[in-house]
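Novice: Just need the structure, nothing else, for what follows:
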Amino acid sequence: GSSWDKCDFETNLCKALPEFNLHPGWIRRNGQSGMGPPYSDHNGNESAYFLSLSSEMQSSSATLRTNVFLPTDEEHLCQIGFHYWVSQMSGTLMVGLQKHSEDTVTNIWQVSGELRNHWNVNNITINSTEKYEV
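Specialist: Numbers count the residues shown, from 1 in each chain. As a prediction, the model looks like this:
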């Protein structure tokens with residue numbers, strides 16, 4: 001069976017992104033926060049919340065880490081879908097996979113900031129024979 005966890009950031013983070021995994025630099029805000037674009041979420045809602053990198057983070061990186069997911073198999077696939085906004089200023093957005101037997105994070109997807117400035121959507125399917133984090 002499939003189970004979906006939805007993150008909308010309206011009240012806080014969701015089960016997949018524990019509060020303590022919000023590294024410094026990420027802030028929960030909406031389009032009315034006075035911080036510049038985006039001025040709404042992907043649905044055009046100005047008061048809906050999303051996560052954003054603070055402007056002080058221009059030169060460094062900040063990580064969001066999921067909880068531990070169980071291994072995948074033919075019955076239990078893992079698909080992560082997300083909306084993202086990358087401005088020209090904001091460098092590179094990367095999705096990494098860390099399996100529990102490995103110390104390193106493997107980069108499985110990335111996008112850079114050239115001429116984006118609108119909401120995009122992406123879906124990633126993850127295969128792992130062991131427990132992992134994203």
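Novice: so where do the strands sit in this structure?
Specialist: 26-30, 49-53, 78-85, 92-99, 106-112, 119-126, 132-133 (DSSP state E).
Novice: Show me which residues of stretch 6-19 are buried.
Specialist: 7, 9, 13, 16-17 (16 or more other CB atoms under 10 Å). (C-beta placed from N, C-alpha, C; glycine too.)
Novice: on that earlier part again, nearest to residue 37 among the strands of the chain would be which one?
Specialist: Shortest distance between residue 37 and the strands of the chain, using CB to CB, is found for strand 78-85: 7.6 Å.
Novice: Each with direction, which strands does the closest one pair with?
Specialist: Sheet pairing for strand 78-85, assigned by DSSP bridges, gives strand 119-126 (antiparallel).
Novice: the inter-axis angle of the strand it pairs with versus strand 49-53?
Specialist: Inter-element angle recorded for strand 119-126 and strand 49-53: 80 degrees (by axes from the mean of the first three to the mean of the last three CA atoms, to 10 degrees).
Novice: Identify all contacting residues around strand 119-126.
Specialist: Contacts to strand 119-126, defined as CB atoms under 8 Å, 6 or more residues apart in numbering, come from residues 38, 41-42, 69, 72, 77-86, 95, 97, 108-109, 111, 132, 134.
Novice: Check stretch 42-52 too.
Specialist: The contact list for stretch 42-52 (CB under 8 Å, 6+ apart) reads 8-10, 22, 26-32, 35, 38-41, 64, 83, 85, 119, 121.
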